[in-house]
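Enquirer: Here you go, sequence then predicted model.
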Amino acid sequence: MSDAGLVAFGAVSALGGQWNAVSAGDLGCGARIAIDRDDELTRAGLRNPFAARVRDLDGEDRVTSLLRRAVGRCVDELDCVRPAWQSERIGLILGTSSGGMRATVRACEAVARGQGVREPELVTYFGSVAAVARGLPVLFDPVIVVLGACASSTLAVGLAARWLDRDSCDLVLAGGFDEVTVLVAAGFEVLHATTSTPPPRPFRLGRDGMALGEGAAVLALARTSRREAVRVLGFGAASDAGHLTAPDRTGLGLARAASAALAEAGVSKVDIVSAHATATRFNDASEAQAIARVLGAEAGRSVVVHPFKAQIGHTMGAAGALELLACVDAMRRSVLPAAAGAGPIDPDARVRLLERTAPGTPRIALKLSSAFGGSNAALVVGRDVEAPRSRERRPVYVSRAVHVERAWPSATLGSALTIPVERIARADGLVRLALSAVLALEESRGPLAGAGVIVGTVLATLETSAAFARRLREHGARAVAPRQFPYTSPNAVAGEISIAFGLTGPSFSVGGGWHAGLEALGVAAVLVEAGDVDRIVVVAVDDVGPDSQAVAGGGVPSGAVATLVTSNPTDACARVGAVSLRRGVNSGASLHPGYESLMPLTRCPPPSRLESTSPPDADAKVELEAL
C-alpha cells in the first residue's frame, strides 16, 4: 500500500456534520443514538418505520444534496490545508447502494402517466456524482462510481489507495453516499432485516435487525510520509460466492478480505474493529467468527468492537466511510468508543462491546464491510505507525472477449450451471444476460473458479427497480416481493456471477457514466496489477426495457461483453497499458450502453486503444499492446 494518508474530509450523518457526524463519543458517556420514528416511512405504512435522517437539506434532489454537502466540506478543508490542490492530478471514487432511487421512483410514476422524464441523468446511479462533480473547477481521472451495495465506500477507499499507489493521482476524493427512501426501506423490511424495537442491538441476544440511516462521507487521500497522519495501511476484498443476501455462516469470505488487509498492513493486532454489525441474527454471528478467525480467539474477544450503525443507522453506500472516520476520531481523541444497544452478548456472536466511551490509545483499526451479493471488503488504518512498503506492480493481460445480444433460456443456463431453473427464472434480465456472457467466456477460456468479478453497467437495475416501484405503488409498502428486492441492487449481478462460477476474489459492480465498460476493465486491471487477485472476470452489461428506454431516449440495445483480466499472458490477446477514466461524469444527449467500448476486444488482435463510444467520454480510454 502507498503512504495513502487522510488530508481532509467532509462528512454528514444524522448526528451532524464533520466530527459530530462521526463522533466516537465523549469520555464516560454512552453512545449517542440518532435513530427515531420516521414520518415518511410511517406515512408509507411500514411496520418498522424507524430511520436516522439528516436534517435541514436544501430543496434540490435529496441524495445529491447530501453528497454536495459532504464534498463541499471536504473542499473547504482542502482549501485550508492544501491550497494548490486544484492544480494536482485528482481522482474521484465514490460508492452508493441506491443512488438516485427517489428520482427513479418519480421517473417511473411519470412514465406510467405517459409523461417524459425531466431529469434522466438523476435517475441513474451516477447522476448525483455527475451533478456534484460538474460544480467543481477540476477534471477528475479516474472517475469511478462503486455499486458494491453496503460495502461500496469501503471498496472506494481501497481503490483510491490503489490508484495513489500506482502514482496515477496526487489526490483522490473517495467515499460514499445514500439517502433513506420508502422503496429501499420496504425492501429491507420485507426481508425481515429491520428492527421493530429500536435502537438496534448488534451482537446481543434478542437483536431483531437494523434501522436505515442516511449520510455522506468524502475522504481526501494523498501520499504522505508524516508518521502522525492517519494512513490506509491495508485493503482486502473477497466474495462469499454462496448466497445473494445471507452471509457465509462461517465468516470465511469476510475473514479472507480482512486477512488480506492485515497482511498488506503487516500487522496482526488491532485496537478497534469497526464492525459491519447490522444487528441481524446471521450477520453478527458470522462477523464474530470472522473477527476471531483473523485475530485469534482470545484477541477477537478482547479487542473493542464498534457497531456504529446502531447509532447513525445503516447508511448503506456511506457506511464504510463514515464508520472509518469514527475510528479516526477515536485515534485523534485517544478514546475507545461505546456501543449502542443493551442486553447480554449472544454466545454465538461473542465480541467486546463497551457501555461507555473509555480512555485509550488506539493506533490501528480494522474496518469490515459486507454486502448483498456476498461482497466483503476490509481496510486497515493506522496513526503513528510505519507505512508498509508498496507492492510490486505486475504486468496485466486481457483475453479475447465474448459478446451476447440476449440472455440464454433459463433452462439452458440452469443446466449448464447446475442451478435450479426456477432460481434462474427469478433473476432479472440483467443477471441472466451477464450469466450468459460469463458462461460463453468459460466455454472459451476454461474454468474461472477462484477469480474475481467486476461488472460495469450504465443503466444498472433501472428496469428491475421500476418493476419493484410499480408493485409498491399499486399494492403498498407491505406487499412488495422479497425475492425481487435484492435484484434492485446492481451488486446482485456480480453476486450471482460469483455464486454460479465459484468466483471468490473481489466482487462488485461499477457504473460512473457512459464509460462503464472501460471503468470495469480499468478497475480489474489495477487490482490484478496490485496482486489483490490473479484473475478477474470483467462483464459490461445493460438490459434495456420499456422504462429504461423511456429514460434513455430510445435506441439503446441490450447486450453483454465478458473478458478475462489476468496476470498470466497465456491465451491472452493483449497486454493492458495506461488506463484513463477521465470525464466520465459528463452527461450526453442520449445514453449509450457501457458494453460497446469493450466490443473491439471480441477481435484478435484488438486495436491499440479502447475508448468510450460516447462523445462526452472521449477521454476515457485503455491502452493495449497486442501479443
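Expert: Received it, and whenever you're ready, just let me know what you need.
Enquirer: is it true that residue 141 touches residue 579?
Expert: No - using Cβ atoms under 8 Å, residue 141 is not in contact with residue 579, being 9.3 Å away. All C-beta atoms are positioned from the backbone trio N, CA, C, and that covers glycine.
Enquirer: Could you give the average pLDDT over stretch 254-270?
Expert: Averaged over stretch 254-270, pLDDT sits at 95.
Enquirer: list the buried ones in that stretch?
Expert: For stretch 254-270, a neighbour-count test (16 or more other Cβ atoms under 10 Å) marks 254-262, 264-267, 270 as buried.
Enquirer: hmm, who's touching that stretch?
Expert: 1, 233-238, 240, 247-248, 276, 286-287, 289-291, 293-295, 299, 303, 364-366, 368, 370, 376-380, 382, 385, 388, 391, 504, 532 (Cβ atoms under 8 Å, 6 or more residues apart in numbering).
Enquirer: Which among those count as buried?
Expert: 1, 233-238, 240, 247-248, 276, 286-287, 289-291, 293-295, 299, 303, 364-366, 368, 370, 376-380, 382, 385, 388, 391, 504, 532.
Enquirer: Out of these, name the ones that lie in strands.
Expert: Applying DSSP state E to these, the entries found in strands are 233-238, 364-366, 368, 370, 376-380, 382.
Enquirer: When residue 141 and residue 579 are compared, which one has more neighbours?
Expert: Comparing residue 141 with residue 579 by other Cβ atoms under 10 Å, the one with more neighbours is residue 579, at 25 against 20.
Enquirer: returning to that earlier point: spell out which residues are contacts of both of residue 141 and residue 579.
Expert: With Cβ under 8 Å, 6+ apart, residue 141 and residue 579 have common neighbours residue 168.
Enquirer: List the buried residues for stretch 240-252?
Expert: 240-242, 244-245, 247-248, 251-252.
Enquirer: Could you do stretch 43-58 as well?
Expert: 44, 46, 48-54, 57.
Enquirer: and the two most separated of those residues?
Expert: Greatest spatial distance among those (Cβ to Cβ): 48 and 57, at 23.3 Å.
Enquirer: Could I get the contacting residues of residue 372?
Expert: 149-150, 244-245, 486, 489, 491-492, 495.
Enquirer: Now do the phi/psi pair for it.
Expert: Note on residue 372: its backbone torsions stand at phi -50, psi 140 [degrees, to the nearest 10].
Enquirer: So what touches stretch 431-449?
Expert: Contacts of stretch 431-449 (Cβ under 8 Å, 6+ apart): 399-404, 406-408, 410, 413, 416-417, 424, 427, 453, 455, 487, 492-493, 496-497, 500-504, 535, 537, 539, 541, 543, 558-564, 571.
Enquirer: That one: how far from the chain's middle?
Expert: When distances are taken as Cα atoms, centre = their mean, to the nearest Å, stretch 431-449 is centred 23 Å away from the chain's centroid.
Enquirer: So which bits of it are buried?
Expert: 431-442, 445, 448.
Enquirer: Next: stretch 181-194.
Expert: 181-191, 193-194.
Enquirer: Columns distance to residue 459, secondary structure and pLDDT on top of those residues, output as CSV?
Expert: Shown next, in CSV, are those (distance: Cβ to Cβ, whole Å; DSSP: H, G, I helix; E, B strand; the rest coil; pLDDT from 0 to 100):
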residue, distance to residue 459, secondary structure, pLDDT
181, 19, coil, 95
182, 22, helix, 96
183, 17, helix, 96
184, 18, helix, 96
185, 23, helix, 96
186, 22, helix, 95
187, 19, helix, 95
188, 23, helix, 95
189, 26, helix, 95
190, 24, helix, 94
191, 24, coil, 94
193, 27, coil, 95
194, 28, strand, 96
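Enquirer: okay, the residues you listed in TSV with distance to residue 342 next?
Expert: Output for these, formatted as TSV (distance: Cβ to Cβ, whole Å):
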residue	distance to residue 342
181	29
182	29
183	31
184	27
185	24
186	28
187	28
188	23
189	23
190	27
191	25
193	20
194	19
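Enquirer: just the residues you listed now: which is nearest residue 469?
Expert: residue 183 (5.9 Å).
Enquirer: Residue 599: which of the buried residues of stretch 240-252 is nearest?
Expert: residue 241 (28.4 Å).
Enquirer: what's near enough to touch that closest one?
Expert: Residue 241 neighbours (Cβ under 8 Å, 6+ apart): 253, 374, 498-499, 502-504, 507.
Enquirer: Spatially nearest residue to it (excluding sequence neighbours)?
Expert: residue 498 (4.5 Å; Cβ to Cβ, 6 or more residues apart in numbering).
Enquirer: That neighbour and residue 239 touch, don't they?
Expert: Yes - using Cβ under 8 Å, residue 498 is in contact with residue 239, at 4.3 Å.
Enquirer: By mean pLDDT, which helix or strand of the protein comes out lowest?
Expert: helix 546-552 (a mean of 78; mean pLDDT, DSSP states H and E).
Enquirer: I'd like to know which elements that one is packed against.
Expert: On a contact count with 3 or more Cβ pairs under 8 Å, 6 or more residues apart in numbering; DSSP states H and E, helix 546-552 meets helix 101-112, helix 120-123, helix 462-475.
Enquirer: The first one - what's its average pLDDT?
Expert: This means helix 101-112. The average pLDDT within helix 101-112 is 86.
Enquirer: Which segments of this structure make up each domain?
Expert: Domain assignment for the chain by automatic domain parsing gives 4-97+147-383, 397-626.
Enquirer: Quick one: end-to-end distance for the shortest one.
Expert: Between the start and the finish of domain 397-626 there is a gap of 10 Å, counting by Cα to Cα, to the nearest Å.
Enquirer: what do you get for the longest one?
Expert: Start-to-end span of domain 4-97+147-383 (Cα to Cα) is 12 Å.
Enquirer: try stretch 159-175
Expert: First-to-last distance for stretch 159-175 - Cα to Cα - comes to 10 Å.
Enquirer: Show me what counts as buried in it.
Expert: 159-165, 168-169, 171-175.
Enquirer: which stretches of this structure have low pLDDT?
Expert: 1-2, 58-60, 552-555, 583-592, 613-618 (pLDDT under 70).
Enquirer: For the residue most central in space within it, which three-state class applies?
Expert: When Cα atoms, centre = their mean is applied to the chain, the residue found nearest the centroid is residue 152 (1.5 Å). Residue 152 falls in the helix class when you classify it by DSSP: H, G, I helix; E, B strand; the rest coil.
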